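In: below are the sequence and a predicted model; questions follow.
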Amino acid sequence: MILPVYVYGSPVLKKVAEPIAELTPELKILIADMFETMYHAGGVGLAAPQIGKSIRLIVMDASPFAEDDPIAEGFKRVLINPELVEFSDEECAFNEGCLSLPKLYVDIKRPAKVRVKYLDENFKEHDEWWEGTPARIVQHETDHLNGILFVDHLAPIRKKLMSSRLQKMAKGDFTSRYKTKIG
Ligand code: NI
């Protein structure tokens, strides 16, 4: 089922999400719905707060970046209770977008590599170093679980330049080709 995506201005996007204690049939359905919602909206990652659930769950599929980044090919993951435990000193810039900030794209600098600990859709533990677009996506999505949006990484002056557009967005003055919600 395609779910509406909560947009900038929704309080759920500013909350720290709760850890997930167990794998339930409801959680499995939610994971499937989040993938469907993400693919429908043309995204490469989706965090549960973006569909209004304040829990530590991310779905991602980096495949659309495979042409420029071979690592991204088939890089589809479910991450439950992910933790970013180590980062490379090396940083890189990437033009980020977010389904919760329709049609806004901004260059954001982040560590190039990241060590990710997480549980997968079978509650199996993983501890891996990621690089390339998967490293970028997991940092962006883990931020969502901590109530952080990519615009929060901007220097105050750059965020100020964007403030009128963000205020409009929070009032519903934007267009998107997928179902959205503010509230
Ligand atoms: Ni996002």
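Out: All right, it came through fine.

In: mind checking how far the lengthiest helix in the chain is from the chain centre?
Out: In terms of residue count, the longest helix belonging to the chain (DSSP state H) is helix 25-41. Relative to its chain's centre, helix 25-41 lies at 14 Å (CA atoms, centre = their mean, to the nearest Å).

In: could you do stretch 146-158 as well?
Out: 14 Å.

In: and for stretch 122-142?
Out: 11 Å.

In: surely I80 meets F123?
Out: Yes. Assessed by CB atoms under 8 Å, I80 is found in contact with F123 at 7.0 Å. Bear in mind the C-beta positions are built from the backbone N, C-alpha and C, glycine included.

In: the more surrounded of the two?
Out: Ranked by neighbour count (other CB atoms under 10 Å), I80 and F123 place I80 first, with 22 against 12.

In: and that one, what does it touch?
Out: By CB atoms under 8 Å, 6 or more residues apart in numbering, the contact set of I80 is I20, L23, R56, L57, Y118, L119, D120, E121, F123.

In: can you list the residues you listed in TSV and add distance to I2, secondary structure and pLDDT?
Out: Formatted as TSV, those follow (distance: CB to CB, whole Å; DSSP: H, G, I helix; E, B strand; the rest coil; pLDDT from 0 to 100):
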residue	distance to I2	secondary structure	pLDDT
I20	22	coil	98
L23	23	coil	96
R56	22	coil	98
L57	17	strand	98
Y118	25	strand	98
L119	25	strand	98
D120	23	coil	98
E121	19	coil	97
F123	26	coil	97
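
In: scan those and report the most crowded one.
Out: Ranked by the number of neighbours (other CB under 10 Å), the contacts of I80 place L57 first, at 26 neighbours.

In: point to the residue nearest the middle of the protein.
Out: E141 (2.8 Å; CA atoms, centre = their mean).

In: need the phi and psi values for that residue.
Out: Main-chain torsions, E141, degrees, to the nearest 10: phi -70, psi -40.

In: tell me the contacts of it?
Out: By CB under 8 Å, 6+ apart, the neighbours of E141 are G45, L46, A47, I58, M60, L79, P82.

In: helix/strand/coil for the last one?
Out: Secondary structure, DSSP: H, G, I helix; E, B strand; the rest coil: P82 is strand.

In: ok, M162 touching L154?
Out: Yes. M162 lies in contact with L154 (CB under 8 Å); the separation is 7.2 Å.

In: what is in contact with the two at once?
Out: Contact criterion CB under 8 Å, 6+ apart; residues shared by M162 and L154: V106.

In: got the phi/psi numbers for the residue lying farthest from the centre of the chain?
Out: For the chain, the residue at maximal distance from the C-alpha centroid (CA atoms, centre = their mean) is I157, at 24.1 Å. Torsion angles at I157 (phi, psi; degrees, to the nearest 10) stand at phi -70, psi -40.
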